[in-house]
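Novice: Quick one, fold the following:
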Amino acid sequence: MRQRVSITEQVIASIAGLAASSVEGVSELRGSVADNLKAILGEEGRSARGVAVHVEGDEVHVTLHVAVEYGYPIHEVAQRLQRAVKDEVEGMTGLRVRAVDVYVSDLTLPEGAWDLEPETEPELEPEPEPEPESETGPETEAKAEEPRAEAGTRAPGGRAPRTPKPKARRKKEPVPDEAL
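Specialist: Got it, this is the predicted structure:
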């Protein structure tokens, strides 16, 4: 009496996905647009997302789309990923894994990378020094008043906006004839 055991591609994809998720440096499996649509429609399990499997006879071809965490050598992560998936699928199914293709489709930052607080406080701009009064005194010299910001207008940070000072222009020096 001959008995037959059949393992679906989705089961093999689940095995491959779980094996891939356990490899250090793999941050997540990334599905294609079609995978994402299937997941939304409930046609595919989440563990198989980013994993495609093709079975022909007793041979399996696995394709993975992954995101690698920044800081891990991508080629080493891909090699460990291929070995882990091959060993797990062959060990659990008894099928021969012909190939494991790895597509690194994204690079992610480690968790908490953006939670760092600045080590120093930002420096504030120094206030301009007041100009010294002339020898004739304030009574005889007409002072030009600086324009003031209208009530209720503030720059970012709550400061009153500053009036830009005219930029000093450098005098152009003639170019010697020998340089031409």
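Novice: for the protein, what helix or strand is lowest in average pLDDT?
Specialist: Within the chain, confidence by mean pLDDT, DSSP states H and E is lowest for helix 33-41 among all helices and strands, at a mean of 61.
Novice: For the next helix-or-strand element following that helix, which outside residues touch it?
Specialist: Sequence order places strand 51-56 as the next helix or strand after helix 33-41, per DSSP states H and E. By CB atoms under 8 Å, 6 or more residues apart in numbering, the residues outside strand 51-56 that reach it are 7, 9-10, 12-14, 16-17, 20, 29, 60-65, 95. Bear in mind the C-beta positions are built from the backbone N, C-alpha and C, glycine included.
Novice: Can you give me the buried ones in strand 51-56?
Specialist: For strand 51-56, burial by neighbour count (16 or more other CB atoms under 10 Å) applies to Val51, Ala52, Val53, Val55.
Novice: Is it possible to get TSV of those that adds pLDDT and distance to Leu109?
Specialist: Shown next, in TSV, are the buried residues of strand 51-56 (pLDDT from 0 to 100; distance: CB to CB, whole Å):
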residue	pLDDT	distance to Leu109
Val51	94	24
Ala52	94	27
Val53	95	30
Val55	94	36
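Novice: mind listing the strands for the protein?
Specialist: 26-29, 51-56, 59-69, 96-108 (DSSP state E).
Novice: Indicate which one of those strands is closest to Arg80.
Specialist: strand 26-29 (8.6 Å; CB to CB).
Novice: still on that earlier bit, of the contacts of strand 51-56, just the buried ones, PyMOL syntax please.
Specialist: In PyMOL, this line selects whichever of the contacts of strand 51-56 come out buried by 16+ other CB under 10 Å:
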select buried, resi 7+12+13+14+16+17+20+29+60+62+63+64+65
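Novice: I'd guessed Ile74 sits against Val104; true?
Specialist: Yes. Assessed by CB atoms under 8 Å, Ile74 is found in contact with Val104 at 5.6 Å.
Novice: Overlap of the contact sets of these two?
Specialist: Common neighbours of Ile74 and Val104 (CB under 8 Å, 6+ apart) are Val68.
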